[in-house]
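Novice: give me coordinates for this.
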Amino acid sequence: MEKETISIYTIAKEAGVSPATVSRVLTGNAKVSEEKKSKVEALIRKYDFRPNALARGLSSVETKMIGLMVSDIRNPFYATMAVECEKAANENGYLLLLCNSLGSNEMEVSYLEKFSGQRVDAIIQIGGKVDELVSDTSYVENINRVANTTPILITGKLDGADCYQVNIDEGQSMELLMQFLIENGHQDIALMGGRDNVKSTLDKRLRYRQMLRKYGIPVREEYIVDGSSYDIESGSAAMYRFIREDHPMPSAIIAINDFTAVGIVRALREQGMRIPEDVSVVSFDNTYIAETCMPRLTCVGYDYKLFGKLLIETAIKAIHNEEPPRVQMVKSGLVIRDSCKQLK
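Specialist: Just a heads-up that it's a prediction; the model follows:
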């Protein structure tokens, strides 16, 4: 291993500890178990690792700034999360810097570098590359390069990345909706929108199939409908494609998110169908869209205030080398409104 390739991250990986632990050994400003300390010190001697003194000095000074990168603030899920993160950051004396990646891998990498250049104390990423089912190895390398000096939190997964995860329990959220629909007499249930290469969508689809089998209901693959995106137009297009293929109309449709649900409702109405008299429609996220849609959407949602607070508090613990849990899960709740009919 060449000397110039050695970093805190490579030392941490070989020692089987976190980069924060290596940092604590180097600075001596917090307790580390003797076993971990011995492993790290042995590797430091082995590679004659000498972190840049200026960088070490700068990293010990908080800027009281946290970088937040979301996929697209126009989506109400990201907008709500950004607001709650900002509130929680402000309550703890931190300034939140917000960036939108807008589906661009290049922008995600650029923002990581810019956040690092601004010397933010931590980085939170919601959406984008962290939602992909198969992790992009080049992006993981970029994450790890920044994570050498700055804690990173994500609301998804990046295999091989040194970051903390605060994730929605997608399986539990689907279970809530499926149980509600089945208990209300629905068996012909479609799941519409999203793509299999997005982990959260795949997790929902797996639990959807599992719940059907649990209740002895046949799985109809034509009732699992892909969407090109997660917006209103994608929902409308998916609904129209399903209608053109002349499948039997389900009694209930689960939309992958509130935006998709709005598109589905629009397409059904344009075809002369009523919600929920002819077809029930439910969705995920419980953003303001669910409350303003007509009829108001029954959906599964999250405690956004708690979600934002958990992200910020985890970031602050990581900033202060307190080693928060590497993976934490956020539970969902069912909100019953007007878009679902009880069948006899």
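Novice: what segments of this protein are helices?
Specialist: 8-15, 19-27, 34-47, 53-59, 76-91, 105-117, 137-147, 170-183, 199-214, 232-244, 258-270, 288-292, 304-319 (DSSP state H).
Novice: would you mind measuring from residue 76 to residue 259?
Specialist: Note on residue 76: its distance to residue 259, by C-beta to C-beta, to the nearest Å, is 7 Å. For every residue, glycine as well, the C-beta is placed using N, CA and C.
Novice: list residues touching both of the two?
Specialist: Common neighbours of residue 76 and residue 259 are listed as residue 289 (criterion: C-beta atoms under 8 Å, 6 or more residues apart in numbering).
Novice: between these two, which one's more packed in?
Specialist: In terms of neighbours (other C-beta atoms under 10 Å), residue 259 is the more surrounded of residue 76 and residue 259; the figures are 26 against 18.
Novice: measure the more buried one to residue 295 for me?
Specialist: 17 Å.
Novice: can you check residue 142 too?
Specialist: 45 Å.
Novice: now do residue 157
Specialist: 35 Å.
Novice: cool, and residue 16?
Specialist: Counting by C-beta to C-beta, the gap from residue 16 to residue 295 is 54 Å.
Novice: so for those two, which residue has more residues nearby?
Specialist: residue 295 (16 against 10).
Novice: from residue 281, how far out is the more buried one?
Specialist: From residue 295 over to residue 281 (counting by C-beta to C-beta), the distance is 8 Å.
Novice: same question for residue 197.
Specialist: Remark: distance between residue 197 and residue 281 (C-beta to C-beta) = 25 Å.
Novice: between these two, which has more neighbouring residues?
Specialist: For residue 197 versus residue 281, neighbours defined as other C-beta under 10 Å are more numerous around residue 281 (27 against 11).
Novice: contacts only, for that one.
Specialist: Contact analysis of residue 281 by C-beta under 8 Å, 6+ apart lists 252, 253, 255, 261, 264, 265, 268, 275, 297, 339, 340.
Novice: next, count neighbours for the closest residue to residue 208 other than its chain neighbours.
Specialist: In this structure, residue 208 finds its nearest non-sequential neighbour in residue 191, 5.1 Å apart by C-beta to C-beta, 6 or more residues apart in numbering. Using other C-beta under 10 Å, residue 191 has 23 neighbouring residues.
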